[in-house]
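Undergrad: when you get a sec, could you give me coordinates for this:
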Amino acid sequence: MDELTSRQKKYLRGLAHELKPVVLIGRHGITPSVANAVKQALADHELIKIKFNECKERELKKNLVAGLQARCDCHMVGLIGHVGIFYRQHSDPDKQRIALPPALR
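TA: Residues are numbered from 1 along each chain as shown. Below is the predicted model:
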């Protein structure tokens, strides 16, 4: 998956503004069931919010985000407080809901 440009991330953050978190991550971190829930939510919606409930430390949150990106093959678009915004484009072009603005080169 290609890296997102800052313009594309800004566009996705704007779309995510009205979304509610669909996955909650608690004190047990990224369990297999949490990873499966994130993968399913990304397949259904492409753009989701995830709330980190029991994560008060910044380093722990950064590790959880990196783990989610690796396990779920997605991009973190933004992190505001305890809520992260994640995006993964659907592999089937007919099921893609979000059209990203072109990357400026």
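
Undergrad: only C-alpha atoms from now on, for both contacts and neighbour counts.
TA: Fine.

Undergrad: quick check: residue 85 touching residue 68?
TA: No - at 11.4 Å, residue 85 does not count as touching residue 68 under the criterion of C-alpha atoms under 8 Å.

Undergrad: got any ranges where this structure has weak pLDDT?
TA: 1, 104-105 (pLDDT under 70).

Undergrad: which residues in this structure form strands?
TA: In the chain, strands defined by DSSP state E lie at 21-25, 47-52, 75-80, 83-87, listed in chain order.

Undergrad: between those, which one is nearest to residue 15?
TA: strand 47-52 (8.4 Å; C-alpha to C-alpha).

Undergrad: for that closest one, list the C-alpha coordinates in PDB.
TA: The C-alpha coordinates for strand 47-52 follow below in PDB (Å, rounded to 0.1, in the frame of the first residue of the first chain):
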ATOM      1  CA  LEU A  47     -12.300   4.700   7.100                       C
ATOM      2  CA  ILE A  48     -12.800   4.100  10.900                       C
ATOM      3  CA  LYS A  49     -12.100   5.500  14.300                       C
ATOM      4  CA  ILE A  50     -10.600   3.400  17.100                       C
ATOM      5  CA  LYS A  51     -10.700   4.500  20.700                       C
ATOM      6  CA  PHE A  52      -7.900   3.600  23.100                       C
END
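
Undergrad: adjacent strands (with direction) for it?
TA: When sheet partners are counted by DSSP bridges, strand 47-52 sits next to strand 21-25 (parallel), strand 83-87 (antiparallel).

Undergrad: let me know which of those is the nearest to residue 14.
TA: Relative to residue 14, the nearest member of the strands paired with strand 47-52 by C-alpha to C-alpha is strand 83-87, separated by 10.6 Å.
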